[in-house]
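J.: Generate a structure from the sequence data that follows.
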Amino acid sequence: MTSTEPYTEAYTAVASQARQATEKSVEVFRNGAKTFTDQLDQFKIPTVDLTEPVARYFEYVQKSIDLSRGLLTTWAELITSLTGAMREQAEKTTDFVKEQTDVVSDLGVKQAETAEDLAQRQAAEIEEAEIEQEKAAKAAERAAAKKAKEQASEPYEGLTKAELAEILTERELPKSGTVEELIERLVAADSE
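T.: Now for the predicted structure:
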């Protein structure tokens, strides 16, 4: 298990929770809008047609009020066309609300998916950065060890094999091997 797995899991979990919350909110909004549009569909505006009753009424009235009869007939036709226009406008509003609900729902889901993708990319970038950091730390350790070895070897550099053997004899260490092996033996003994 790498040191970035908890972060990757955390980012993924947070992104998933955000996406689920967004989808639930969108679903609640969609259901509310559907209920609203369903209620608009159930509300039926009655059709008012006063033309026939008015015409029947004036059949019984004397010829002297024919002018009033024409005026009331025109008024009744206007009311009928007005209720039809209101019904048509209500249907258009219902369709518009349904379309907008779908658009908002789709947008919410897309934004949740985008947020989840972003979280996963960020988690991957963090993991990659940590791996690079570990590589750099190991390289620095190797360089430091090499430098320490070189510094520890400095007092013995330039000495002959005989001089190195003499130092090894004083320390009661084996004196066989190449000059490099003798120096390594002395450096190892110094570090103990």
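
J.: Dead centre of this structure: give me the residue that sits there.
T.: residue 115 (0.8 Å; C-alpha atoms, centre = their mean).

J.: what about that one, is that helix, strand or coil?
T.: Under DSSP: H, G, I helix; E, B strand; the rest coil, the three-state class of residue 115 is helix.

J.: can you start the count at 3 instead of 1 from here on
T.: Happy to do that; since the first residue is 3 now, the last one works out to residue 117.

J.: how about it, what does it touch?
T.: 17, 20, 21 (C-beta atoms under 8 Å, 6 or more residues apart in numbering). In this view, the C-beta of every residue, glycine as well, is placed from N, C-alpha and C.

J.: May I ask which of those residues has the most neighbours?
T.: residue 17 (21 neighbours; other C-beta atoms under 10 Å).

J.: What are the buried residues along the least confident helix or strand in the chain by mean pLDDT?
T.: The weakest-scoring helix or strand in the chain, judged by mean pLDDT, DSSP states H and E, is helix 53-61 (a mean of 78). In terms of neighbour count (16 or more other C-beta atoms under 10 Å), helix 53-61 has its buried residues at 53, 56, 60.

J.: nearest to residue 108, of the residues you listed?
T.: residue 53 (47.0 Å; C-beta to C-beta).

J.: gap between residue 32 and residue 52?
T.: Going from residue 32 to residue 52 by C-beta to C-beta, to the nearest Å gives 41 Å.

J.: Report the residue spans of this protein with pLDDT below the cut-off.
T.: 3-5, 42-43, 45-48, 66 (pLDDT under 70).

J.: which residues of it fall in helices?
T.: 7-44, 53-61, 68-155, 163-172, 181-193 (DSSP state H).

J.: Please work out which of the ones you listed is packed deepest.
T.: Of all the helices of the chain, helix 181-193 has the most neighbours on average by mean count of other C-beta atoms under 10 Å, namely a mean of 15.
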